Every structure is written in structure tokens, then in C-alpha cells.
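1. Any chance you could fold what I've pasted below:
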Amino acid sequence: MAEDNFIQSVQDSARDAPQSIKWYRNKIQEFGKPAPLDLIRDGRRTTRVSAFNLNMFVYSPKYAATLPYYDTFPLVLPLERYKDGFLGLNFHYLPIPLRVRLLDKIKSIPQDNQYDAGEQLRINYARARTLPMAKAVIKRYLYGHLKSQIRVVMPDEWVIAVLLPVQRFKKASTSKVYNETKKMF
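-> Here you go, the predicted model:
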């Protein structure tokens with residue numbers, strides 16, 4: 001059974017001690033799979049996408065009928081904003097070990113305004129497209145197709161968020177999506 005305030009429960013179990021990725025994955029399995037709306041409700045919510053942070057929201061793409069597959073609960077790091085939406089990296093298109101690797105790559109970008117002391121993930125489209133793994137998961141989102149508030153994932157929650165198996169793909173299995181994404185890099 002999933003815990004109330006899932007991410008906080010995992011953090012509390014760690015008790016401020018550094019834990020391995022394996023430890024976090026085991027703890028997440030122990031607590032069960034949280035529902036998307038529960039994750040949104042239990043965190044910092046907003047109606048605007050938060051730059052330099054991960055964001056979760058429920059989404060219904062404009063061209064759902066013609067897309068081969070899509071994620072209805074993306075975990076996105078915004079790259080660029082537009083009048084009608086934004087461009088971002090959707091971590092859910094990667095298998096969990098590659099999500100962690102991508103997060104680490106972004107966090108290790110030198111401080112030349114790319115990453116700010118652990119509190120923000122600073123990367124833009126120009127930089128993201130030079131990283132093959134990142135380029136493969138760049139997606140465009142329209143504000144009018146967001147179907148929930150946006151849950152801002154705070155820096156102390158990033159690792160847990162990328163480890164959560166909460167992707168919601170439509171029209172294809174998770175393994176098919178992962179295989180197709182991996183072919184792009």
C-alpha cells in the first residue's frame with residue numbers, strides 16, 4: 001500500500017544518512033507505487049512550471065491520436081519557455097538507471113551558470129542537445145494541455161523522483177518506450 005506523502009516517507013526512512021541508489025530503490029519498492037495525484041498533492045504545487053527544478057504534472061498531449069506513444073505523468077526539467085508552453089527533458093522516457101545517470105550528468109556540469117550549488121539544475125536547450133541521452137528525451141508541452149497543478153520537485157527530492165516508477169505511457173508498453181528511446185543515442 002502506498003504511503004501518504006510518499007517522497008517524505010522515503011526521506012524520513014533515510015534519517016539524513018547518505019544512502020545508496022540501491023537503498024532508495026528498495027525503500028521505494030517497500031512503500032509501494034504512489035498514485036500521480038497523491039505525489040502532486042503531497043508536494044509544493046504551483047500553476048507555473050518551475051525553471052531549474054524537476055516538475056511533475058498530469059498531461060494530455062494535443063496530438064495524442066497521432067503520437068505513437070506518450071507519457072501522461074511526465075517528470076520534466078524545463079529547458080525553454082514559450083508563450084504557449086515549454087520544452088523540457090522528460091526523465092520518464094529513460095529506464096531508471098539511465099535517469100540517475102542523466103541527473104548526475106546535469107548536476108556535474110561546471111558552474112559556468114549551468115548548475116547552482118546544488119539548488120538548481122541549470123541547463124538550456126543548446127547544452128542539452130549536445131548530450132545524446134538528454135537529446136533523446138526532449139519533449140514539448142503546451143500549457144493548455146496540463147491537466148493538474150504542477151508539483152515542483154525540490155532538490156532534496158530529485159534522486160527519489162527519478163527512481164519512482166510512476167511513468168504513465170499510453171499506446172505502448174514501458175519497455176517499448178525505453179527501447180525506442182535508447183535507439184536515439
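
2. Buried residues in stretch 127-140, which are they?
-> 128, 131, 133-134, 136-139 (16 or more other C-beta atoms under 10 Å). For every residue, glycine as well, the C-beta is placed using N, CA and C.

3. May I have the distance across stretch 129-147, first residue to last?
-> 28 Å (C-alpha to C-alpha, to the nearest Å).

4. Let me know the closest of the buried residues of stretch 127-140 to P68.
-> Of all the buried residues of stretch 127-140, the one with the least separation from P68 (C-beta to C-beta) is K139, at 13.2 Å.

5. The closest one belongs to a strand?
-> Yes: using DSSP: H, G, I helix; E, B strand; the rest coil, the assignment for K139 is a strand.

6. ok, now which ones touch it?
-> Taking C-beta atoms under 8 Å, 6 or more residues apart in numbering, we find K139 in contact with 74, 76, 87-90, 93.

7. farthest pair in those residues?
-> Checking the contacts of K139 with C-beta to C-beta, the most distant pair is L87 and Y93, at 14.0 Å.

8. what kind of secondary structure is the closest residue to T174 other than its chain neighbours in?
-> In this structure, T174 finds its nearest non-sequential neighbour in Q167, 6.3 Å apart by C-beta to C-beta, 6 or more residues apart in numbering. Classification of Q167 using three-state DSSP returns coil.

9. Would you agree Q167 is in contact with Y178?
-> No: using C-beta atoms under 8 Å, Q167 is not in contact with Y178; the gap is 9.5 Å.

10. shared neighbours, these two?
-> Y93.

11. quick one, strands of this structure?
-> 44-46, 54-56, 70-71, 75-81, 85-90, 115-116, 120-121, 138-142, 150-153, 169-170 (DSSP state E).

12. Ok, which of those strands comes nearest Y63?
-> If you check each of those against Y63 by C-beta to C-beta, strand 70-71 wins as the nearest, at 8.7 Å.
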